[in-house]
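Visitor: pasting the sequence and the predicted model now:
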Amino acid sequence: MGSSRGLSFLRPSLRSGLHPSLRLILRRHLWRSLWNGLRPGNPRTPGRAWLLLAATLVTVLQSGCRAESWPLWDQYASRYVDSQGRVLDRQDGDRQDGDRQDGDKQGADRTTSEGQAYAMFFALAANDRARFDHLLKWTEDNLAQGDLTQRLPSWNWGKSADGQWKVLDANSASDADLWMSYTLLEAGRLWKEPRYANLGRVMAARIAQEEVATLPGFGPVVLPGPSGFHPSAAVWLVNPSYTPLPLLQRLATELPDGPWAALAAHQSQLLRATSANGFAMDWVEYNAMGAPGQQWTPVALPAQAIKKGTAAQQPSGAVAGRRDDGLQEIGGGAENAISAAAQAAAAQPDASGGVGSYDAIRVYLWAGMTDSATPQAKQCLAAIPGMAVYLSKQLLPPASVDARGAVVDAKGPIGFSAAVVPYLQALGMKREAAAQLERVAATRDAATGLYGRQQFYYDQNLALFSLGYEEGRARFDRDGKLKVKWK
């Protein structure tokens, strides 16, 4: 028993690290060694330790890959994912953006399609197929009336004012739909399960049909949902954080007849047109009747628009980081131009209500996670230099920036620090990225394994994306294919 326990540490590394052909050769050699060692009359009978080692290695080589241990995902799932596969947004009651619908009084009991989609992605990155299947089944049964081939998932589910557990808003959310479609495609490829890939393609086709619009004078965009985002004949509402470039690139390759290639080609143009002095915005409005160059305007989301919620929880406490003035790949005049614009904006209040905050932080995250060889990757980074310029002189990413580039709230939560790490690394700002990683690491709770003093749900999601990328658990290649550690 003691020897067996002592050898068990070999199994995970061998399972995940050996090439299939090498695994086959070793398996044959070990079986031959075992047979020769146990054959009657063999004068060179091996010792017990060798037999245990050989048997262990054969078992490992036959077993193939199992779930890749990812402590952060396991801790997140133990707190936020129930046994049915439902993700609980426990902090929704603390959100500040006032976007909950009438009757949605039980914020802490809410589940969103975004939460389900993100969790499916993390489960795939961790090779956690059991949880993946539970998440998919709960989503299909409760958000899609039992059939994701017929409808996109409703974005909001929870306890209604009359005490019933049900869909609270039947509108879908395109960011969740894109992540779910993409994750199903990649699950089909990585796990060699055609059913997943087929469902992913069906979802992508429905997204293209129901959530993609062509804006006159601009081109195709993904609207936040099928309903509520085209309030008049010439006006559309868009959320720039809803369309990560790697996902669009992957769908373009997988579904060449869809709108995905055009959407990917327009992504940097969208970010450039909608950013305020280099800062990404949460929500923007496109007015086809506007003057050239003035058609895009940052806005506060109108109350009548039906949307999924942003995770606007109370910012967590900050810890010290480093300062550095080194900026690469942004452009020599960007720093002075952005600083001057921000100072001018701060002198007079912004009346638009538009901000870059809890949605927009993901724009930096997606841009940083995009492989540098992906078409439009460098252009997307160049379209949003404001955060890099700011962090070259400040310790923390801002929690909120207004439509003129002026910082409204300088104390970004811990998840924001995690989110900007890949972005800073992609720009060559290694010291600034290290400072943000230090802040994240300093807030890790040893008992729970989660981040931040209050361990907010949205912070953990941002940390999972960022640290999963940092640790090589979830990266994208130039065509948007998912690269995982366990494969």
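Guide: Yes, it's here. Numbering: from 1, shown residues only.

Visitor: got the domain ranges for this protein?
Guide: 2-63, 71-484 (automatic domain parsing).

Visitor: now render these as a markdown table, adding mean pLDDT and mean neighbour count.
Guide: For glycine as for every other residue, the C-beta is placed from the backbone atoms N, C-alpha and C. Shown next, in a markdown table, are the domains of the chain (pLDDT from 0 to 100; neighbours: other CB atoms under 10 Å):
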| stretch | mean pLDDT | mean neighbour count |
| --- | --- | --- |
| domain 2-63 | 45 | 13 |
| domain 71-484 | 88 | 20 |
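
Visitor: and the helices in the stretch 251-400 of the chain?
Guide: Taking DSSP state H, counting those that start in this stretch, the helices of the stretch 251-400 of the chain run over residues 260-274, 334-346, 361-369, 377-382, 386-391.

Visitor: out of those, nearest to P422?
Guide: P422 sits nearest to helix 361-369 of all these, at 3.0 Å, using CB to CB.

Visitor: the closest one: how far from the chain's middle?
Guide: Chain-centre distance of helix 361-369: 9 Å, with CA atoms, centre = their mean, to the nearest Å.

Visitor: ok, stretch 466-474 next?
Guide: 11 Å.

Visitor: for that stretch, measure first residue to last.
Guide: Distance across stretch 466-474, first residue to last, is 9 Å (CA to CA, to the nearest Å).

Visitor: give me the contact list for that stretch.
Guide: 68, 70, 72-73, 121-122, 125-126, 365, 368-369, 418-419, 421-422, 437, 440, 465, 475, 482-485 (CB atoms under 8 Å, 6 or more residues apart in numbering).

Visitor: now, which of these lie within helices?
Guide: Residues of these located in helices (DSSP state H): 72-73, 121-122, 125, 365, 368-369, 418-419, 421-422, 437, 440, 465.

Visitor: quick one: which two of the residues you listed are the most distant?
Guide: Maximum distance among those (CB to CB): 21.4 Å, for F121 and L437.

Visitor: which residues touch V235?
Guide: E285, Y286, N287, A288.

Visitor: if I look at it, how far off is D359?
Guide: For V235, the distance to D359 equals 19 Å [CB to CB, to the nearest Å].

Visitor: again with F229
Guide: F229 is 14 Å from D359, by CB to CB.

Visitor: re earlier: just the closest of the ones in helices among the contacts of stretch 466-474 to K159, please.
Guide: Once CB to CB is applied, the member of those that ends up nearest K159 is F122, at 25.3 Å.

Visitor: what ranges does this structure have for its strands?
Guide: 111-112, 156-159, 165-169, 212-215, 219-222, 235-238, 284-287, 296-298, 355-356, 400-402, 407-409, 474-476, 482-484 (DSSP state E).

Visitor: in the sheet, who's paired with W236?
Guide: Beta-bridge pairing of W236 under DSSP bridges involves Y286.

Visitor: touching, it and V284? I think so.
Guide: No - in this structure W236 lies outside contact range of V284 using CB atoms under 8 Å: 9.3 Å.

Visitor: now P216. Nearest residue, chain neighbours left out?
Guide: Distances taken as CB to CB, 6 or more residues apart in numbering place A288 nearest to P216, at 4.5 Å, with adjacent residues excluded.

Visitor: assess the claim that the one you found and L215 are in contact.
Guide: Yes - counting by CB under 8 Å, A288 does reach L215; the two are 6.6 Å apart.

Visitor: look up how far L395 lies from K430.
Guide: Distance, K430 to L395, using CB to CB: 16 Å.
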